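Participant: Mind folding the following:
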Amino acid sequence: MDAYPPLGVVVTDRQGLIIGWTAGAERLLGYTDAEARGRSAAELLGAPALAGGEPAQGPGAAEPVEPAEPVEPVEPGERHPGLDVRHRDGHRLSVAVSRHAFAPEADGTGTGSGSVLLIGPPSGQAAERLRQSLPGWILQDSPLALTVYDTDLCCVWQSAAMRRLGGLPDEARPGRRLTEVFGGSDAVEWEERLRLAMVTGEEQVSELKGTIRTDPGSRVFSVSATPLLDAEGRTLGVCALVGDVTDRRRARERLSLLNDASLRIGSTLDIAQTARELTEVTVPRFTDVARVDLLEVILHGDEPAPGPLAGPVRLRRIAELTLSEGVTTAQHTAGEADVYLANSPAALCLATGRSALYRTNDEPPIRSYIDQTPERQAKVRRLGTHSWMLVPVKARGTTLGVVWFTRTRGLPRASGRTTSPSPRTWWQERRSAWTMPGASPANAPRLSLSSAACCRSGCRNSPRSKPPPATSPPHSVPAWAATGST
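Facilitator: Numbering: from 1, shown residues only. Okay, the predicted model is just below:
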């Protein structure tokens with residue numbers, strides 16, 4: 001038996017009529033949602049102990065169930081470890097049932113309370129102990145957050161998980177709309193989906209991307225909404241279930257990014273084209289600005305000394321791509337050269353031979369770099385640049401240059417990057433540099449993912465990591481590099 005047996009959830013109104021019936025209840029008891037909704041739980045299941053509240057009225061009501069012997073009803077907050085109920089095919093079975101007050105005035109009349117019935121299959125003592133822990137787990141410890149909204153889409157009740165997720169105490173949440181808890185344009189769209197669930201009577205399932213009060217960072221949530229109906233089929237409200245799937249989404253996007261990079265980067269021996277491919281893969285899915293700077297001696301056919309480079313360095317820009325106003329734009333700065341002082345981020349990256357992450361503009365290397373020229377200060381202000389990552393480019397142990405990744409604040413995000421992967425997790429977990437595998441600095445290597453990145457995407461012996469044949473043509477050097485113009 002599973003650690004947590006199949007669980008059915010049944011929601012009843014103040015008259016004991018079923019207004020919510022889950023797939024788990026169908027598996028346990030045989031009745032479909034259409035067959036169960038609007039009927040008395042006590043009558044449907046032949047269990048007088050489930051009767052409660054006011055006498056049922058209307059088309060879904062039935063004559064009260066008269067038990068052969070007096071029975072004790074299952075009161076709110078109580079558990080019944082072995083209640084005898086009727087399955088749809090007619091046979092009787094014993095199930096564990098606990099009843100919990102659902103939401104005061106959730107039925108819209110202001111005269112009573114509904115109930116949530118948690119139903120599970122009975123078994124031995126070990127499973128019984130597990131079942132006894134389920135109600136508290138669902139209502140207090142479950143990672144799935146439950147919220148009930150009225151027909152005006154105002155909250156009338158939330159579970160403990162929703163309280164933790166939304167950051168609002170139970171006494172402050174009633175009366176608030178979803179957009180007062182979740183931020184972002186998706187919240188407005190999802191609120192319309194809640195309304196659609198009530199109008200059509202159909203379950204709505206989607207993902208919501210935005211922010212919450214307890215975490216200013218962007219998150220991704222799996223959300224579903226199910227309408228709550230009374231016995232006459234009138235809509236009482238809607239029940240929404242929310243689960244945080246941010247980490248799972250980021251992991252999936254990270255693997256997708258690695259796969260695309262292994263396919264798209266290194267399609268040619270042209271070093272400028274390879275640099276452009278690198279920027280095109282990473283913007284906007286990983287970063288807002290990507291730039292590739294290589295040592296000028298490389299572009300003139302010379303070979304730098306192996307190992308890290310210390311002191312000031314002269315680098316020439318090969319490619320740069322920027323996200324602006326939701327559109328990626330190739331910058332007309334390719335070919336420009338600059339000398340970086342020994343304390344600059346680029347020189348430090350080349351000196352250590354390892355990637356470096358700067359989370360703010362106030363870290364000394366970044367602050368010194370920005371303040372070095374008015375043009376840099378103006379560009380940082382214009383783009384709202386706020387975090388930086390520099391990664392050395394290597395080929396067979398020789399450092400060839402550096403790749404800049406920066407993120408900006410306040411610019412619209414392109415649809416390609418729904419969440420932001422952790423800056424180091426793309427390649428930093430095993431290696432600290434972009435590697436030009438199978439190449440020497442003298443023979444026009446191709447930029448590609450490091451061998452460790454290839455391993456993560458399932459291509460440990462990728463054909464791209466093999467050295468080019470000896471007859472490979474020399475690489476194409478841009479005219480500006482051959483002339484040394486700036």
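
Participant: Contacts only, for residue 87.
Facilitator: Contacts for residue 87 (Cβ atoms under 8 Å, 6 or more residues apart in numbering) come out as 29-30, 93. Glycine gets a C-beta too; all of them are placed from N, C-alpha and C.

Participant: again with residue 389
Facilitator: 287, 355-358, 404-406, 423-424.

Participant: so it, which of the three states?
Facilitator: The three-state assignment at residue 389 reads strand, by DSSP: H, G, I helix; E, B strand; the rest coil.

Participant: Of the contacts of residue 87, which is the nearest to residue 306?
Facilitator: residue 29 (72.6 Å; Cβ to Cβ).

Participant: right, and that closest one touches residue 90 too?
Facilitator: No. Between residue 29 and residue 90 there is no contact under Cβ atoms under 8 Å: 11.8 Å.

Participant: Between these two, which has more neighbouring residues?
Facilitator: residue 29 (22 against 8; other Cβ atoms under 10 Å).

Participant: And the closest residue in space to that one that isn't next to it in sequence, how close does it get to residue 119?
Facilitator: Residue nearest to residue 29 in three dimensions, not counting chain neighbours: residue 87, with 5.9 Å by Cβ to Cβ, 6 or more residues apart in numbering. Computed as Cβ to Cβ, to the nearest Å, the residue 87 to residue 119 distance reads 12 Å.

Participant: Identify the contacts common to the two.
Facilitator: Joint contacts of residue 87 and residue 119 (Cβ under 8 Å, 6+ apart) are residue 29.

Participant: What count of nearby residues applies to residue 143?
Facilitator: 11.

Participant: Please enumerate the helices of the stretch 251-400 of the chain.
Facilitator: 271-282, 296-299, 345-352, 364-371, 374-383 (DSSP state H, counting those that start in this stretch).

Participant: Those helices: which one's closest to residue 242?
Facilitator: Of the helices of the stretch 251-400 of the chain, the one closest to residue 242 (Cβ to Cβ) turns out to be helix 271-282, at 31.2 Å.

Participant: list the helices and strands that closest one packs on?
Facilitator: Applying 3 or more Cβ pairs under 8 Å, 6 or more residues apart in numbering; DSSP states H and E, one finds that helix 271-282 contacts helix 246-264, strand 289-295, strand 313-324, strand 327-330.

Participant: now these in JSON lines, with mean neighbour count?
Facilitator: Compiled in JSON lines, the helices and strands packed on helix 271-282 are given as follows (neighbours: other Cβ atoms under 10 Å):
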{"stretch": "helix 246-264", "mean neighbour count": "16"}
{"stretch": "strand 289-295", "mean neighbour count": "25"}
{"stretch": "strand 313-324", "mean neighbour count": "22"}
{"stretch": "strand 327-330", "mean neighbour count": "13"}
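
Participant: circling back: now rank the contacts of residue 389 by neighbours and give me the top one.
Facilitator: Within these, neighbour counts (other Cβ under 10 Å) peak at residue 287, which reaches 27 neighbours.

Participant: Just to check, residue 358 is in contact with residue 404?
Facilitator: No. The criterion here is Cβ under 8 Å, and residue 358 misses it with residue 404 at 10.8 Å.

Participant: Residues in contact with both of these two, list them for me.
Facilitator: Here residue 358 and residue 404 have 388-389 as joint contacts, going by Cβ under 8 Å, 6+ apart.

Participant: returning to that earlier point: read off the pLDDT value for the residue nearest to residue 29.
Facilitator: Residue 87 is assigned 92 on the pLDDT scale.

Participant: same deal with residue 376?
Facilitator: 90.

Participant: State the distance from the residue nearest to it when sequence neighbours are not counted to residue 36.
Facilitator: Distances taken as Cβ to Cβ, 6+ apart put residue 370 closest to residue 376, at 5.2 Å, once the chain neighbours are dropped. For residue 370, the distance to residue 36 equals 65 Å [Cβ to Cβ].

Participant: Next, the contact list for residue 408, please.
Facilitator: Listed by Cβ under 8 Å, 6+ apart, the contact partners of residue 408 are 288-289, 323, 383-386.

Participant: and residue 187, what does it touch?
Facilitator: 178-179, 208, 210.

Participant: Any of those residues buried? List them.
Facilitator: By neighbour count, with 16 or more other Cβ atoms under 10 Å, the contacts of residue 187 hold 178, 208, 210 as buried.

Participant: Take the helices and strands packed on helix 271-282 and lay them out in CSV including distance to residue 156.
Facilitator: Shown next, in CSV, are the helices and strands packed on helix 271-282 (distance: least, Cβ to Cβ, whole Å):
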stretch, distance to residue 156
helix 246-264, 27
strand 289-295, 46
strand 313-324, 42
strand 327-330, 43
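
Participant: among those, which is nearest residue 337?
Facilitator: With Cβ to Cβ as the measure, strand 313-324 is the member of these nearest residue 337 (4.4 Å).

Participant: and the residue nearest to residue 376, how many residues sit next to it?
Facilitator: Residue 370, neighbours per other Cβ under 10 Å, totals 18.

Participant: separation between residue 390 and residue 397?
Facilitator: 19 Å.

Participant: And those two? Which one has more around it.
Facilitator: residue 390 (25 against 11).

Participant: so who does the more buried one touch?
Facilitator: 345-346, 349, 355-356, 402-405.

Participant: do you know how far it is from residue 148?
Facilitator: Distance, residue 390 to residue 148, by Cβ to Cβ: 50 Å.

Participant: returning to what we had before: show me the contacts of residue 187 that map onto helices.
Facilitator: Among the contacts of residue 187, the subset assigned to helices under DSSP state H is empty.

Participant: with those in mind, which one is nearest to residue 235?
Facilitator: Minimum distance to residue 235 across the contacts of residue 187 is 17.1 Å, recorded for residue 178 (Cβ to Cβ).

Participant: right, and the closest one touches residue 189 too?
Facilitator: No. The criterion here is Cβ under 8 Å, and residue 178 misses it with residue 189 at 10.6 Å.

Participant: looking at this protein, which helix or strand does the model trust least?
Facilitator: helix 451-456 (a mean of 29; mean pLDDT, DSSP states H and E).

Participant: Share the number of residues neighbouring residue 28, please.
Facilitator: So residue 28, with other Cβ under 10 Å, has 21 neighbours.

Participant: Name the nearest residue to it, sequence neighbours excluded.
Facilitator: residue 8 (4.5 Å).

Participant: Show the backbone phi and psi for the one you found.
Facilitator: Main-chain torsions, residue 8, degrees, to the nearest 10: phi -100, psi 140.

Participant: Would you mind measuring from it to residue 43?
Facilitator: Taken as Cβ to Cβ, the span from residue 8 to residue 43 is 17 Å.
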